[in-house]
Each structure stands twice: as C-alpha cells, then as structure tokens.
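Trainee: sequence below, structure please.
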Amino acid sequence: MTRLMAAGAPWYRQGWPWFLMSLPAAAVIAGLATWYVAWKSNDGLVAEDYYKQGLEINRSLESQQMAKQLGVSGLLSYENGVIRLRVSAAREISFPDVLELNILSPVRAGNDRNLKLTRNGDHYEARMPPLPDGHWNLALADGAGTWRILGAELFPLKGEAALHP
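Mentor: Model prediction:
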C-alpha cells in the first residue's frame, strides 16, 4: 500500500479527503471573487432616469420623422482635434447657429461626449479630444429638438462619415 492510503494514518494525512474538499473550496473562492468583481465594478449601462428616458422615446421618434421629411443629412469629419460637420436638407430650411452632436459609447456611458457645434462659414465645428478607438453612436439635432438624425461610426474616422435620417 502506498503512503497516501496507509490504513493506520489519520484522515488528514491522506490525499483523497483533501482533494475532495478542495473542489467545493475552489467553488466558494471563485464565487467570492465573482461577487467582489460585481460589487466593485459599475457596468455603466443602467440609467438612473429610465422613466424619463422612456417618455422621451415618442418625442425622439417624431423628431427623427421630421428629419426624414425635411431630408436632413450631414457629413462629419475629424482632424487635428476639431470635428467638422457639413449639413444639408432636401427642403428649404434655415439651420440654427448651434447644433448639438451627441457621441455615445454603446458600452460605457462615462465616455459619452455632448458637443455644441457652432457655425463657421459653410460648416459647423467644435474642438474635441480624441475618442478611444471603436464603434460610436451619433445623434445630431437642432437645439429646439425639431429634427434629429442618428448614425453609427467607427472611430478614428477615415475620411467623412455620413449621417442620414
């Protein structure tokens, strides 16, 4: 007989009881580690004002329909820390001096950017530090909330990004 299975040795000197106890112990340790990670990290996906956001859905859909009716579209570019937007419409409308551009992270709300683009000649622009590489959702609207166009783009931008209703 081997030393691990010696008949006269007490249980704590044998290998099998320790092996069998290590499996539930490992599960308990993994469970505690998972609980700690869940407790310490913030997923950033849950909105605190979810009820108000739910009420805004209809208003958002109406403004997107209005953008579609007006034929509003835009071309977005980013160079040297400046984001530029050329906007046009199929119908005759006057664009305001300031447009709102929301650049939203689909993963982390803390990375979202809300920019006020000001008119500079035939385009709008604003200074913006570089974004982390990846997919971003874009929402362009006039300040009054009359129209809104959405898009998604991969940053860093390669050329121009088109925004359509």
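
Trainee: which strand or helix spans residue 99?
Mentor: strand 98-104 (DSSP states H and E).

Trainee: which other helices and strands does that strand contact?
Mentor: On a contact count with 3 or more CB pairs under 8 Å, 6 or more residues apart in numbering; DSSP states H and E, strand 98-104 meets strand 82-88, strand 113-120, strand 134-142. From N, CA and C alone the C-beta is placed, and that goes for glycine too.

Trainee: most packed of those strands?
Mentor: strand 134-142 (a mean of 18; mean count of other CB atoms under 10 Å).

Trainee: any chance you could map the helices in this structure?
Mentor: For the chain, the helices defined by DSSP state H occupy 15-40, 50-70.

Trainee: same list (those) but as TSV, adding distance to residue 137, mean neighbour count and mean pLDDT.
Mentor: Formatted as TSV, the helices of the chain follow (distance: least, CB to CB, whole Å; neighbours: other CB atoms under 10 Å; pLDDT from 0 to 100):
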stretch	distance to residue 137	mean neighbour count	mean pLDDT
helix 15-40	26	10	93
helix 50-70	13	13	73
